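Q: Please find the sequence and the predicted model below.
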Amino acid sequence: MHVAAPGRRDAPVPEEGSGVTFVMPVLNEERYLRRAVETVLAQDVPGPVELVLALGPSSDGTDRIARDLAAEDPRILLVDNPAADIPVGLNRAIRAGRYPTIVRVDAHSEISPDYTRRALATLARVRAANVGGVMHAEGRTPFQRAVARAYNSPIGLGGGAYHGGTVEGPAESAYLGVMRRAVLEEVGLFDESIRRGEDWELNLRIRRAGYRVWFDPELSVVYWPRESWTRLVRQFRATGAWRGELVRRYGRGNSLRFFAPPALVVAVGVSIAVGLLQVTRVISGVWTLIASIVHLPVAVYAALIGAVAAGPGGGKGWRDKLWTLAVLPTMHLSWGAGFLAGLLRGAHDTVDTSRLGDRNTPLP
């Protein structure tokens with residue numbers, strides 16, 4: 001299979017005003033859906049727009065709200081996504097749409113009125129196939145705000161441009177994404193066998209086809225993270241498992257930063273094992289001193305997390321800082337444990353149950 005040099009091909013630029021299709025997979029979002037839809041329909045975009053909601057099997061009032069919204073505004077279309085899988089819902093929404101530019105949006109995200117206009121200008125200027133911006137997390141409760149601080153910190157999710165990058169340029173992936181339909185159809189839309197990380201995998205195929213994926217820090221999207229500890233753990237474990245699956249499939253196509261959380265899990269496991277051997281005096285004397293070296297990486301990590309929590313990034317009061325101190329390792333260890341499981345045995349039918357019993361969630 002021939003792989004074009006990344007960034008060498010220009011994506012097509014449709015005529016201005018030719019229209020935009022927004023696509024939004026939705027599941028159990030009665031608290032967030034109406035506001036998310038309002039921010040989409042308020043976009044200052046030249047030409048016609050439509051919003052296609054891919055409705056999963058919600059157990060709350062989401063479907064009723066979606067039907068009410070569609071009745072209120074003819075620009076809203078509804079399609080079914082009975083399995084609740086993200087890429088399936090996205091593909092159904094894309095196929096149901098009509099316009100040459102696709103804007104992915106989520107019910108847990110809010111976009112500013114000039115978001116799409118700015119993205120369209122950037123797409124045309126750099127002839128990219130996909131452009132994305134910064135994911136700016138916010139929270140309403142002390143826990144959710146702690147998770148938001150972790151999302152916005154390079155220590156929390158670290159490395160990806162959309163988690164706080166400031167320099168415009170080519171990118172590995174794009175948060176949500178404003179995409180050219182022609183390129184999506186050329187590369188085959190989203191891979192429906194992937195339940196998490198489907199955006200990264202799609203952007204990998206876009207780049208391998210020779211097109212540009214672009215980061216514009218002037219584009220910012222508000223994201224509302226998980227509201228409870230157990231939901232956060234389940235989300236990150238599932239996300240880590242699918243990253244492990246993507247490493248199995250694509251190997252060195254994955255950034256080295258993805259290996260930091262699983263390395264932490266291994267380091268913690270080794271440290272605990274050696275610590276037990278030391279406490280039970282299975283190893284002693286000079287050997288216990290030598291073995292203590294394995295505790296160093298964990299100690300350095302703990303010191304780093306403590307410094308982040310104690311600093312400005314940890315919040316304003318001691319309660320904020322304690323929440324940050326707890327949330328950061330929760331995210332890292334959950335993601336890392338999931339990664340190792342996915343790497344060793346594959347993700348298979350792993351789903352993110354952080355929004356609904358045994359169903360997947362259409363959130364990043």
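A: Alright, I've got the coordinates. Numbers count the residues shown, from 1 in each chain.
Q: Could you use CA atoms for every contact and neighbour count after this?
A: Will do.
Q: For the stretch 101-250 of the chain, which segments count as strands?
A: 101-104, 109-111, 130-137, 169-170, 178-180, 213-223 (DSSP state E, counting those that start in this stretch).
Q: how about those strands, which one is nearest residue 315?
A: Smallest distance to residue 315 across the strands of the stretch 101-250 of the chain (CA to CA): 13.9 Å, for strand 130-137.
Q: re the thing from before, just put the strands of the stretch 101-250 of the chain in CSV and tack on mean neighbour count and distance to residue 149.
A: Output for the strands of the stretch 101-250 of the chain, formatted as CSV (neighbours: other CA atoms under 10 Å; distance: least, CA to CA, whole Å):
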stretch, mean neighbour count, distance to residue 149
strand 101-104, 24, 24
strand 109-111, 23, 16
strand 130-137, 26, 7
strand 169-170, 16, 25
strand 178-180, 27, 26
strand 213-223, 22, 12
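Q: any chance of those in JSON lines, with distance to residue 151 and mean pLDDT too?
A: Converted to JSON lines, the strands of the stretch 101-250 of the chain look like this (distance: least, CA to CA, whole Å; pLDDT from 0 to 100):
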{"stretch": "strand 101-104", "distance to residue 151": "20", "mean pLDDT": "97"}
{"stretch": "strand 109-111", "distance to residue 151": "14", "mean pLDDT": "85"}
{"stretch": "strand 130-137", "distance to residue 151": "6", "mean pLDDT": "92"}
{"stretch": "strand 169-170", "distance to residue 151": "21", "mean pLDDT": "94"}
{"stretch": "strand 178-180", "distance to residue 151": "22", "mean pLDDT": "97"}
{"stretch": "strand 213-223", "distance to residue 151": "10", "mean pLDDT": "91"}
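Q: and of these, who's closest to residue 13?
A: strand 178-180 (8.1 Å).
Q: Would you give the sheet partners of the closest one, along with the direction of each?
A: Strand 178-180 pairs in its sheet with strand 101-104 (antiparallel), strand 130-137 (antiparallel), by DSSP bridges.
Q: coming back round to it: closest one to residue 198 among the strands of the stretch 101-250 of the chain?
A: From the strands of the stretch 101-250 of the chain, taking CA to CA, the stretch that ends up closest is strand 101-104, at 12.4 Å.
Q: Now for residue 272, how many residues are close by?
A: Counted with other CA atoms under 10 Å, the neighbours of residue 272 add up to 15.
Q: which SSE is it in?
A: Per DSSP states H and E: residue 272 is located in helix 260-279.
Q: Quick check: which ranges of the stretch 201-350 of the chain have low pLDDT?
A: Within the stretch 201-350 of the chain, the ranges that satisfy pLDDT under 70 run 252.
Q: quick revisit: would you mind giving the strands paired with strand 178-180 as TSV with distance to residue 89 added?
A: Formatted as TSV, the strands paired with strand 178-180 follow (distance: least, CA to CA, whole Å):
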stretch	distance to residue 89
strand 101-104	11
strand 130-137	19
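Q: Fine, thanks again, bye for now.
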